[in-house]
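**Student:** Got a predicted model here, sequence first, then my questions.
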Amino acid sequence: MGAPEGWTRIDSEADLALRRPAPPAGLMAHATCEGKPPVRPLPILARHLRFGLRDVQDLVEAPASLDGLPGTTQDFRATLDGVPVAVRAVTLQGGGCVYDLVGVAAPDGVAALTPDFERFTAGFAVERGAP
């Protein structure tokens, strides 16, 4: 999964984090593969992406699939540290891991984020070992 044009990689605790200066937006990919394999349903696993956000509105969730893994998409608006944001996210589960792919922009910039988020998620692939 590479960076779409106009995006630069930034240091983050995520496995991959990208920033675009204009219009301002961010993309992030992160895998959690530690501990016991998750057993909760995907919508519950995806809920952790809303932790720390306030005033979550217009939440739309739908089933998804990427690279053969089942997932859940989320689109919503919220407030992060007093700043309004729009979030697009895909949470996937497979092989004992949970994968989060997230795009964040100002609410009026989410339309400009959407094509890059779609390219970003389309490039998702899990490396699978040989049998």
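**Tutor:** That came in fine, so what should we check first?
**Student:** Around the nearest residue to residue 113 once chain neighbours are set aside, count how many other residues there are.
**Tutor:** The shortest distance from residue 113 to any non-neighbouring residue, by CB to CB, 6 or more residues apart in numbering, is to residue 105 (4.2 Å). The way it works is simple: take the backbone N, C-alpha and C, and place the C-beta from them, glycine included. As a burial measure, residue 105 scores 23 neighbours (other CB atoms under 10 Å).
**Student:** Name whatever forms a beta bridge with residue 105.
**Tutor:** Beta-bridge partners for residue 105, by DSSP bridges, are residue 25, residue 86.
**Student:** For it, give me the pLDDT.
**Tutor:** Per-residue pLDDT puts residue 105 at 95.
**Student:** Give the other helices and strands that the least confident helix or strand in the chain by mean pLDDT contacts.
**Tutor:** Least confident helix or strand, the chain: helix 42-46 with a mean of 73, by mean pLDDT, DSSP states H and E. With contacts taken as 3 or more CB pairs under 8 Å, 6 or more residues apart in numbering; DSSP states H and E, helix 42-46 sits against strand 54-66, strand 69-80, strand 83-94.
**Student:** One more pass at 10 Å, please.
**Tutor:** strand 54-66, strand 69-80, strand 83-94, strand 97-105 (3 or more CB pairs under 10 Å, 6 or more residues apart in numbering; DSSP states H and E).
**Student:** Adding distance to residue 15, write the ones you listed out as a markdown table.
**Tutor:** Output for the helices and strands packed on helix 42-46, formatted as a markdown table (distance: least, CB to CB, whole Å):
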| stretch | distance to residue 15 |
| --- | --- |
| strand 54-66 | 15 |
| strand 69-80 | 16 |
| strand 83-94 | 13 |
| strand 97-105 | 9 |
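**Student:** sorry, back to before: please enumerate residues in contact with the least confident helix or strand of the chain?
**Tutor:** Under the criterion CB atoms under 10 Å, 6 or more residues apart in numbering, residues 32, 38-40, 61, 63-64, 69-74, 89-93, 98, 100 lie in contact with helix 42-46.
**Student:** other SSEs contacting the top helix by length along the chain?
**Tutor:** In the chain, taking DSSP state H as the definition, the longest helix is helix 110-122. Helices and strands touching helix 110-122, as assessed by 3+ CB pairs under 10 Å, 6+ apart, comprise strand 16-20, strand 25-32, strand 54-66, strand 69-80, strand 83-94, strand 97-105.
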